[in-house]
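>>> Need coordinates for the below:
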Amino acid sequence: MRLFVAAELPREARDRVGALLADLAREVPEVRWVKSGSVHLTLKFLGEVEPSRAASLPASLEASALACAGRLPIRIRGVRAFGSRGSPSVVFIGVEEESPALARLAAAVDAAAGAVGFAREERPFRPHLTLARPKAGSRALDRSIAARAATDLGRFEIRALALFRSLLHPDGAEYVRLAEIPFGAAPGETS
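Below is the predicted model:
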């Protein structure tokens with residue numbers, strides 16, 4: 001099964017990202033935008049994992065979640081793209097942290113996954129929320145991204161890690177939460 005570790009957004013943040021996605025879809029309908037309910041902050045992509053190996057992951061991630069004191073403030077701001085102008089590979093909105101806590105959390109998750117045999121991340125952590133993976137660029141897409149470079153959806157708090165399974169379908173990915181690990185939760189209190 002294909003797995004990743006992420007922080008789920010609070011409902012208000014998902015609603016604001018959903019409104020942004022609806023606006024973008026009206027302006028650039030040829031791009032397949034992610035479903036607003038699927039937007040998440042990826043902390044570690046694990047790839048294909050045997051089910052028996054996946055069962056041990058929540059316990060391995062508890063120490064990472066415990067390192068966060070109940071909540072982690074973030075600000076969601078600035079639509080941008082990875083890839084070149086005219087041919088973006090990923091359209092996203094940035095996630096800014098008010099302290100180094102988010103980067104420390106991502107490093108702790110990477111270390112926890114590394115301790116149970118997953119490859120360590122070699123790229124720097126660049127927190128973002130993926131909005132689309134366009135098949136091709138266009139002027140309309142470039143204009144929509146540029147017009148929202150300063151979009152500020154506000155400040156929110158994330159309060160838990162989650163282990164997700166990604167199911168790939170022809171109409172887009174479906175993410176199934178396998179475990180949630182609240183920040184500051186005592187060992188053994190995963191759901």
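
>>> In this structure, where is pLDDT below threshold?
68-69, 185-191 (pLDDT under 70).

>>> In this structure, where's the longest strand?
strand 72-84 (DSSP state E).

>>> Quick check: which helices or strands does whichever helix or strand residue 162 is part of pack against?
Assigned by DSSP states H and E, residue 162 belongs to strand 160-169. Counting contacts by 3 or more CB pairs under 8 Å, 6 or more residues apart in numbering; DSSP states H and E, strand 160-169 is packed against strand 2-8, strand 40-48, helix 57-66, strand 172-182. Every C-beta, even on glycine, is put in place using the N, C-alpha and C of the backbone.

>>> Pull the distance from the longest one to the chain's centre.
Using CA atoms, centre = their mean, to the nearest Å, we find the averaged C-alpha position of strand 172-182 to lie 11 Å away from the chain's own average C-alpha position.

>>> Tell me the strands beside that strand, with direction?
Here strand 172-182 is paired, per DSSP bridges, with strand 160-169 (antiparallel).

>>> Nearest residue to the spatially most central residue of the chain in space, ignoring adjacent ones along the chain?
In the chain, the C-alpha nearest the mean C-alpha coordinate belongs to residue 41, at 2.1 Å (CA atoms, centre = their mean). Leaving aside its sequence neighbours, residue 41 sits nearest to residue 7 (CB to CB, 6 or more residues apart in numbering; 4.4 Å).

>>> And residue 171, its phi and psi?
Dihedral pair for residue 171: phi -100, psi 10, per degrees, to the nearest 10.

>>> Noted, bye for now.
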